[in-house]
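> Sequence and predicted structure below; questions after.
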Amino acid sequence: MSEKKIISGLIYVVDDDANVRKLVAVALKDAGFEVHEFPTCLGLLDAVGRQKPNAIILDWKMPEDDIDGMTLCGKLKLDSATQVIPIIMLTARVEEVDCVLALEMGVDDYLKKPFSIKELVTRVKSILRRKECINPSDDEEEVLSIGDIKVNIGNRTVVKSGKFLNLTMKEFDLLVNLINERSKVLTREQLMNRVWSNGFSGEARTVDVHIRYLRKKIEDKPESPIYVITVRGMGYRIASKEELRA
């Protein structure tokens, strides 16, 4: 008699292709997740109102009589009740402009079709593991600061001059990793391993795109950043206290 798998979390899978949904669902269930499948974005939107999942796997392109994945992502990320739910986007689009659009809408991770089922499961585990590890209990709340920016590790919020900034999970994790290594240069490969996963097969420009959008949110002049510094030929670092006082 086989042992019953421990449920690691609830995952919603949205794709109009029944074969893709089934393939993803079986793999996630084998990994110990509870999975609910949806053939439409509207169906998922209704379900989220009743029960919030730990993560959502979402196809970008959907039938014309449904809303597309990017529109659904925007709705979820604009709602304070659902904006913290990690979203992994599945897409056949490969151009950087599409990646940029996904980031603007708040997607936390994405996989290009055709994708590896094993890699998808790894991404889901990685996202949930980071979310759990980076959220200590209330009595262990930790706040990092750089200049006029304060990063609350416990509730994953970023405040600049009293104003809350809406960072995606990836942007938040990049900022935390850089601040924790104050002034030390982190290469793109190091950031990819820390913020994505060791098995991530993306390109180095993925980090560059995320850094670009992080700067748009935390810098007064993104084109002349003072917080996140580029070290040419190497990677990125956070400005030192001395640099910020200069």
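It's in.
> Met70 and Tyr12, how far apart?
16 Å (C-beta to C-beta, to the nearest Å). No exception for glycine: its C-beta is placed from N, CA and C like everyone else's.
> what sits up against the longest helix anywhere in the chain?
Taking DSSP state H as the criterion, the chain has its longest helix at helix 117-133. With C-beta atoms under 8 Å, 6 or more residues apart in numbering as the contact definition, helix 117-133 has outside contacts at 8-9, 11, 23-24, 27-28, 31, 33, 54-55, 57, 86, 88, 108-109, 111, 169, 173, 195-197, 199-201.
> swap the cut-off to 7 Å and go again
Applying C-beta atoms under 7 Å, 6 or more residues apart in numbering, the external contacts of helix 117-133 come out as 9, 11, 23-24, 27-28, 31, 54-55, 86, 88, 108-109, 111, 169, 173, 196-197, 199, 201.
> next one: stretch 144-151
In contact with stretch 144-151 (C-beta under 7 Å, 6+ apart) are residues 143, 153, 158-161, 175-176, 179, 218, 227, 238, 244.
> Equivalent analysis for stretch 62-76, please.
Contacts to stretch 62-76, defined as C-beta under 7 Å, 6+ apart, come from residues 14, 16, 40-42, 44-45, 58-61, 82-83, 85, 87, 89, 101, 105-107.
> what does stretch 33-47 give?
Outside stretch 33-47, the residues touching it (C-beta under 7 Å, 6+ apart) are 7-14, 16, 21, 25, 28-29, 62, 66-67, 69, 72, 75.
> By mean pLDDT, point me to the weakest helix or strand of the chain.
Confidence across the helices and strands of the chain bottoms out at helix 96-104, with a mean of 66, counting by mean pLDDT, DSSP states H and E.
> right, and the helix or strand after it?
Counting by DSSP states H and E, the next helix or strand C-terminal to helix 96-104 is strand 109-112.
> In this protein, mark out all the strands, start to finish.
In the chain, the segments counted as strands under DSSP state E are 10-14, 34-38, 55-59, 87-91, 109-112, 143-146, 149-152, 157-160, 163-165, 186-187, 228-231, 235-238.
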